[in-house]
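Okay, here's the prediction I keep looking at, along with the sequence it came from:
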Amino acid sequence: MYKARTKYSMLTSGRTQFLDTAVECSELTLPYLVRQDDDATGKRTLLQPYQSVGAKAVVTLAAKLMLAILPPQTAFFKLQMREDKLGEQFDPALKSEMDLSFSKIERLIMEYIAASNDRVVVHQALKHLIVSGNALIFMGKDGLKHYPLNRYVVERDGNGNVIEIITKEMVSRKVLGIAPPTPNDEVNSDAEYGAGEDDAEVYTCVKMDESSGSWRWHQEVDDMILAGSQSTAPKNASPWLVLRFNTVDGEDYGRGRVEEFIGDLRSLDGLSQALVEGASVASKVVFLVSPSATTKPGTLAKAGNGAIIQGRPEDVGVVQVGKTADFATAANLAATIERRILEAFLVMNIRNAERVTAEEVRLTQLELEQSLGGLFSLLTVEFLIPYLNRTMLILQRSNQIPKLPKELVRPKIVAGINSLGRGQDNESLTRFVATVGQTLGPEALMKYIDPTEAIKRLAAAQGIDILNLVRTPEQLEQMQEQAQSDAANQSLINQAGQLAGTPLMDPSKNPQIAEQAQAAIQNIAPPQE
């Protein structure tokens, strides 16, 4: 059996190029985010970029992705029955009851997520994904834990599936209850990690057990397995989530968004440095006095504001840089690059004008949201589905939610790329109906557009189940018949009232009516004893 420390050292060679690129991307955006493996304790001084466009772009894109994959107000998934398993004899009323039960389970799961610190850790992981293209999340009992790229290595097969994960951490030996190693122990020195003798390197080795079809992991310190550190998890509910932003065939690690535009970020940082330093030089004021002038430099230097001294104006001059045109060229190029970067990271720039309509702002925002599709499609597969499966497993083990049969109930992700597709359908359908009504008029709209079908499509576009919510054609027909029956009965009542008010029906004016009423009373009254 190999040692986790040895395997970690072997796999770091394949991670080096990705980590170096990630560190450079971090230096141009958020310098504190990614560090080299030998600077995990953060003792080195961070390089500060000359621009903040990169930081703004990363933070904005991370916030947009956060709202897209984990919306705060609604559930990002939906529990539903498998249609192919229900059969034709399934009662629709029972399906409605089950949907209500599923909705309650969804609320319980979302309340559990809202009460935890999951969103904080996920947001941090998203920033790492944008900058470095890689992140590792561990879903433990105490919440989520994030590992940056310099603290883990991963090995994948030819299809991109994870085979093995090894993490590296520095933990105090007092916390672990382990004595410091003796000089004869063949273990790595902590000096290269920037730690003291009181810290120990803890390696967590995670592997897929093909025989049992489950994940197994343990922790090692000084090449010895820690007692009580071994654990297992089902194959489809692993707590170890290895995330990538972009994938490349044959590579074990992902590529970040910043790496795709690192050329523009380098150029912008260089231009910003030149403009800052040039502006500092140009703002320096130096007076020159002619050597043959009668004006004394000392007198000029000591003169206060508004003072009167002897001299000639032509004897004194001011040093000027004379690079205004060059500065303008650099500033225009920097503005062009900045606009290009902000568009690539989905930062909405409203047109600078006196009248900017709300429709223009809405269309700009919609265009940005549509361009999100290719960005978080991989996050939907590699993060949302495993995250939901693991969360449901934890709640089922603690009996907070009932166990659901996998062959009948299937969770469906409704956030991310699926939510974006529904939003586009909703936008297109709403625009089509509005165009028909404005172009052909309300009469043509009611004549050619089926209201029931329009309501169904709008509900589907917004992810709303219309079962027992929207009336069916049969229910509408019954309501129409009931309304016609009520109208007929009301008409008869009105006619009877009008007839009763005529002189012919008045007993005081028509004796026959009085006699008929008296006879009817005698027939109804009981016989007297």
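That came through fine. Residues are numbered from 1 along each chain as shown.

Spell out the residue ranges of the strands in the stretch 51-200 of the chain.
According to DSSP state E, counting those that start in this stretch, the stretch 51-200 of the chain carries its strands in the segments 77-81, 134-140, 143-147, 152-156, 162-172, 199-209.

between the ones you listed, which one is nearest to residue 388?
strand 77-81 (5.5 Å; C-beta to C-beta). Yep, even glycine has a C-beta here, placed from its N, CA and C like the rest.

Sheet-wise, list the partners of that closest one with their directions.
If you go by DSSP bridges, strand 77-81 pairs up with strand 409-413 (antiparallel).

Tell me which residues of the partner strand come out buried.
Buried residues in strand 409-413, defined by neighbour count with 16 or more other C-beta atoms under 10 Å: 409, 411, 413.

can you pull out the helices in the stretch 401-529 of the chain?
417-440, 442-448, 451-461, 473-500, 511-524 (DSSP state H, counting those that start in this stretch).

Can you get me the centre-to-centre distance for the third one and its chain?
Put plainly, it is helix 451-461. 27 Å (C-alpha atoms, centre = their mean, to the nearest Å).

elements contacting that helix?
helix 417-440 (3 or more C-beta pairs under 8 Å, 6 or more residues apart in numbering; DSSP states H and E).

Identify all contacting residues around the host helix or strand of residue 333.
Using DSSP states H and E, residue 333 falls within helix 324-344. Identification of contacts with helix 324-344 by C-beta atoms under 8 Å, 6 or more residues apart in numbering yields 51, 53-54, 56-57, 257, 260-261, 264-265, 267-268, 271-272, 274-275, 278-279, 282, 349.

which one of the buried residues of strand 409-413 is nearest residue 123?
Nearest to residue 123 among the buried residues of strand 409-413 is residue 413, at 19.0 Å by C-beta to C-beta.

Can you give me every residue that contacts the closest one?
Counting by C-beta under 8 Å, 6+ apart, residue 413 makes contact with 76-77, 380, 384-385, 388.

residues of whichever strand or helix holds residue 5 that come out buried?
If you go by DSSP H and E, residue 5 is part of helix 4-28. Residues of helix 4-28 classed as buried: 4-5, 7-8, 11, 15, 18-19, 21-28 (neighbour count, 16+ other C-beta under 10 Å).

How about stretch 55-70?
55-62, 64-66, 68-70.

which residues in the stretch 151-300 of the chain form helices?
173-176, 257-260, 262-282, 297-302.

related to what we said a few turns ago, and the buried residues of strand 409-413, which is closest to residue 208?
Closest to residue 208, out of all of the buried residues of strand 409-413 and judged by C-beta to C-beta, is residue 411, at 23.0 Å.

Not including adjacent chain positions, what is the nearest residue to that closest one?
Of all residues not flanking residue 411 in the chain, residue 77 sits nearest, at 5.0 Å (C-beta to C-beta, 6 or more residues apart in numbering).

out of the buried residues of helix 4-28, who's nearest residue 203?
Nearest member of the buried residues of helix 4-28 to residue 203, counting by C-beta to C-beta, is residue 4, at 3.8 Å.

contacting residues for that closest one?
Residue 4 makes contact with 166, 203-205, 220 under the criterion C-beta under 8 Å, 6+ apart.

tell me the least confident of those?
Lowest in pLDDT among these is residue 220, which has 91.

quick one: contacts for that residue?
Per C-beta under 8 Å, 6+ apart, neighbours of residue 220: 3-5, 202-205, 226.

In CSV, list the C-alpha atoms belonging to the helix holding residue 333.
Output of helix 324-344 as CSV, limited to C-alpha atoms (Å, rounded to 0.1, in the frame of the first residue of the first chain):
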residue,chain,number,x,y,z
THR,A,324,-1.0,64.7,-23.6
ALA,A,325,-1.6,63.0,-26.9
ASP,A,326,0.3,59.9,-25.9
PHE,A,327,-1.6,59.7,-22.6
ALA,A,328,-4.9,60.0,-24.5
THR,A,329,-4.0,57.1,-26.8
ALA,A,330,-3.1,54.9,-23.8
ALA,A,331,-6.3,56.0,-22.0
ASN,A,332,-8.5,55.2,-25.0
LEU,A,333,-7.0,51.8,-25.5
ALA,A,334,-7.3,51.0,-21.7
ALA,A,335,-11.0,52.0,-21.9
THR,A,336,-11.6,49.7,-24.9
ILE,A,337,-9.9,46.8,-23.1
GLU,A,338,-11.9,47.5,-19.9
ARG,A,339,-15.2,47.5,-21.8
ARG,A,340,-14.3,44.2,-23.5
ILE,A,341,-13.4,42.6,-20.1
LEU,A,342,-16.6,43.8,-18.4
GLU,A,343,-18.7,42.4,-21.3
ALA,A,344,-16.9,39.0,-21.1
